[in-house]
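# here are the coordinates; sequence isn't available:
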């Protein structure tokens, strides 16, 4: 699906939160057969944050959300809709309602979107539709994941990649002059779902099913790294170019490229295919690793706070991952 978003949505504020516990490559190399050099050379990651004890998905999501609300001077009761992008909810039935209660946004509708590393992009597009059709004025979008609880810490192919975190963005209806969100492009290929997933191991025998105390469980994250790399570096540039073309924009007009923070090699390969110089890449991958739905809002919040993004800057945001899903949103920074 492609669409041209021409008016009506502005970014009021952003926020982010990460757990306190930091696991460096050195710590991992003491646990498994790896090294700081091996990890950093192949991934671009130096450390990652891991949620322990009382640090939950909702706690991180709430901290990020409240940071954005305070920055925008918006009360939680003014929020009309909360969209939580996550693939690791506190409750299998969804966690957005818990977030709503935690921040006191008791007038807001709340629901989850599960699309792994593409979740935040899809959530922004969904929020934009609700604002543009006049249903809601103030929408809070949060991307948060705690994938550490689904990692096999003896598997060096995956355990070195992932971290935990949350990021938030506050969107509001506005005039066309203030519009930040220009257009989007979303895609899915369900035939390749098994390249990156968390498989459910169910009990298939009738007798065992009726007598078992547990009828199944989820396994660990499994990933075909080679296929995921090939998918990302081919599909993401195509998505970005289609989205830009639908808006009559050229790649030369792009000031910043913000991709899902999966792997340095993927980030650089996508930039190379688009002929975008590396200095236009926004990345905090080295500090946080792959935080799934949180990676884009974490990096966006950091870039804004560092003053990288200036008035009038055009930036491309693309997410990609499990599903397989991928998508692009084109933003123009207008304060």
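Ah, there it is. A quick note: this is a predicted structure, and the numbers were derived from the prediction, not measured.

# low-confidence stretches in the stretch 151-300 of the chain?
For the stretch 151-300 of the chain, the stretches with pLDDT under 70 are 203-216.

# can you map out the strands along it?
Counting by DSSP state E, counting those that start in this stretch, residue ranges of the strands within the stretch 151-300 of the chain are 164-173, 181-188, 196-202, 216-223, 256-259.

# most packed of these?
Sort the strands of the stretch 151-300 of the chain by mean neighbour count, taking mean count of other C-beta atoms under 10 Å, and strand 164-173 sits at the top with a mean of 28. C-beta here means a position set from N, CA and C on the backbone, and glycine is covered the same way.

# just the helices in the stretch 151-300 of the chain please.
Using DSSP state H, counting those that start in this stretch, the helices found in the stretch 151-300 of the chain span residues 206-211, 225-246, 264-274, 285-288, 295-305.

# looking at those, which is nearest to residue 62?
Ranking those by proximity to residue 62 (C-beta to C-beta) places helix 295-305 first, at 14.2 Å.

# relative to strand 164-173, how tilted is the closest one?
Using axes from the mean of the first three to the mean of the last three C-alpha atoms, to 10 degrees, the direction of helix 295-305 lies 70 degrees away from that of strand 164-173.

# may I see the buried residues of helix 295-305?
For helix 295-305, burial by neighbour count (16 or more other C-beta atoms under 10 Å) applies to 295-304.

# likewise stretch 23-35?
Neighbour count says stretch 23-35 has 23, 25, 28-29, 34 buried, by 16+ other C-beta under 10 Å.

# gap between residue 301 and residue 17?
Separation of residue 301 from residue 17 (C-beta to C-beta, to the nearest Å) stands at 9 Å.

# any shared contact partners between those two?
64, 167 (C-beta atoms under 8 Å, 6 or more residues apart in numbering).

# distance of the nearest residue to residue 157 once chain neighbours are set aside relative to residue 277?
Sequence neighbours aside, residue 225 is the residue nearest to residue 157 in space, at 6.3 Å (criterion: C-beta to C-beta, 6 or more residues apart in numbering). Distance from residue 225 to residue 277, counting by C-beta to C-beta: 26 Å.

# looking at the two, which one has more neighbours?
residue 225 (15 against 10; other C-beta atoms under 10 Å).

# so the more buried one touches residue 156, yeah?
No: using C-beta atoms under 8 Å, residue 225 makes no contact with residue 156, being 11.3 Å away.

# show me the contacts for residue 19.
Applying C-beta under 8 Å, 6+ apart to residue 19 gives the contacts 49-52, 55, 60, 164-165.

# dump those to CSV, plus secondary structure and distance to residue 174.
Shown next, in CSV, are those (DSSP: H, G, I helix; E, B strand; the rest coil; distance: C-beta to C-beta, whole Å):
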residue, secondary structure, distance to residue 174
49, strand, 34
50, strand, 38
51, coil, 35
52, coil, 40
55, coil, 35
60, helix, 28
164, strand, 33
165, strand, 28
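
# most widely separated two among those?
Across these, the longest distance by C-beta to C-beta is 13.6 Å; it joins 52 and 165.

# so which of the contacts of residue 19 would you say is closest to residue 138?
Nearest to residue 138 among the contacts of residue 19: residue 60, at 21.4 Å, using C-beta to C-beta.

# what's opposite the closest residue to that closest one other than its chain neighbours in the beta bridge?
Excluding its sequence neighbours, the residue lying closest to residue 60 (C-beta to C-beta, 6+ apart) is residue 166, at 3.8 Å. Beta-bridge partners recorded for residue 166 (DSSP bridges): residue 17, residue 144.
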